[in-house]
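Engineer: build me a structure from this.
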Amino acid sequence: MLLALDSASLRASIALHDGTTLRAECTWESSNRHTVTLLPRVVQLLASSNLTPQDLTAIGVCIGPGSYTGVRIGVALAKGLASSRKLPLVGITTLDILAAAQPQDSRPLYAIFAAGRRRVGYGRYQWSEDGWRSETGVQVVSWEELAGRIELPAILVGEIEAPGREALRSLFGRLVIPAPARHLRRAGYLADIAWQRLRDNQVDAPSALLPLYAR
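Structural biologist: Purely as a prediction, here's the structure:
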C-alpha cells in the first residue's frame, strides 16, 4: 500500500493506492496549518480504510516547489516514514502532479503555482505517447512576464490569483483555462505517478531527497 503526501500549497492532499486501485483520498484547505493537520489526517485515512502504518509498503511525496513550510513538512514526514520502516520513497514535483490530471491535448500545457509577491512559477508541458512531458525547468516570473511567454493556443492550469487573471485577460479566447476541478492537485495522481516509478525502479534515497523550492 502506497501512501501519497502533498502539502506543497494551501491545499493539502493525501491518498492510499494499492498499485491497482486508489483506495482512499482526502484533500482539504490546510492554509498554514500543515504541521497540525497533515499527520492526523494520515492517521484518520488509514483508520477509515482499516489499515495501519504497518500496512504501508511505499511512500510518494510532492517535493515542491510551493509553500516553503508546506513542502518542508510533507517531505520531512515522508522521509521519516520511509527511513523508520525502510520503505521505498518516490519524490514528484508539484507541476508533474498537476499535469498528470489533464486530458490529452495537442496544445502546450502551462502548469503553474503561486510563488508569492505577485510572482508565479510555471512549467511548459507537451503531450507525448507517454503522457505530458516537461519541456522546461521551473521558471518564476511576474504574471505579466508569463503572459508574454505563453505560446498560443495553449492550456493553463494551477493556482490563478486575481492579478494573474487580469494579466492574462488579453489572452482569453486562445488561452484555455479548464474547469475548477482540473486546477486542484490531487494526491491520487501523485500516487499513480509514484507507482509507475516504483515499477521502473526509479526510487529516491531518503537521505538524498531534498525539497524543491522556488527561487
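Engineer: kindly provide the distance from the residue in the chain sticking out farthest from the centre to residue 106.
Structural biologist: Distance from the centre of the chain peaks at residue 170, with 28.1 Å (C-alpha atoms, centre = their mean). As judged by C-beta to C-beta, to the nearest Å, residue 170 and residue 106 stand 23 Å apart. Where C-beta positions appear, they are placed from N, C-alpha and C, glycine not excepted.
Engineer: do residue 215 as well
Structural biologist: Applying C-beta to C-beta to residue 215 and residue 106 gives a distance of 31 Å.
Engineer: ditto for residue 149
Structural biologist: Using C-beta to C-beta, residue 149 is found at 19 Å from residue 106.
Engineer: these two: who's more crowded?
Structural biologist: residue 149 (13 against 7; other C-beta atoms under 10 Å).
Engineer: what sits against the more buried one?
Structural biologist: By C-beta atoms under 8 Å, 6 or more residues apart in numbering, the contact set of residue 149 is 139, 141.
Engineer: can we see that at 10 Å?
Structural biologist: 110, 122, 124, 136, 139, 141 (C-beta atoms under 10 Å, 6 or more residues apart in numbering).
Engineer: can you select the buried ones from those residues in ChimeraX?
Structural biologist: This is the ChimeraX syntax for the buried subset of these, where burial follows 16 or more other C-beta atoms under 10 Å:
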select :110,122,124,139
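Engineer: what would the contacts of residue 149 look like in JSON lines with pLDDT, distance to residue 85 and secondary structure?
Structural biologist: Formatted as JSON lines, the contacts of residue 149 follow (pLDDT from 0 to 100; distance: C-beta to C-beta, whole Å; DSSP: H, G, I helix; E, B strand; the rest coil):
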{"residue": "110", "pLDDT": "98", "distance to residue 85": "38", "secondary structure": "strand"}
{"residue": "122", "pLDDT": "97", "distance to residue 85": "36", "secondary structure": "strand"}
{"residue": "124", "pLDDT": "98", "distance to residue 85": "37", "secondary structure": "strand"}
{"residue": "136", "pLDDT": "90", "distance to residue 85": "36", "secondary structure": "coil"}
{"residue": "139", "pLDDT": "94", "distance to residue 85": "37", "secondary structure": "strand"}
{"residue": "141", "pLDDT": "96", "distance to residue 85": "40", "secondary structure": "strand"}
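Engineer: what's the closest of the contacts of residue 149 to residue 14?
Structural biologist: residue 122 (25.3 Å; C-beta to C-beta).
Engineer: find me the pLDDT at the residue farthest from the centre of the chain, would you?
Structural biologist: At residue 170, the model reports a pLDDT of 95.
Engineer: list the buried ones in the helix ranked longest in the chain?
Structural biologist: Looking across the chain with DSSP state H, the single longest helix is helix 68-85. Of all the residues in helix 68-85, those buried under the rule 16+ other C-beta under 10 Å are 70-75, 77-79, 81-82.
Engineer: which residues touch residue 30?
Structural biologist: Listed by C-beta under 10 Å, 6+ apart, the contact set of residue 30 reads 7, 9-13, 36-38, 41, 67, 70, 73.
Engineer: give me the secondary structure label for the nearest residue to the residue farthest from the centre of the chain once chain neighbours are set aside.
Structural biologist: Closest residue in space to residue 170, ignoring its immediate chain neighbours: residue 147 at 7.2 Å, by C-beta to C-beta, 6 or more residues apart in numbering. Put simply, residue 147 is helix when judged by DSSP: H, G, I helix; E, B strand; the rest coil.
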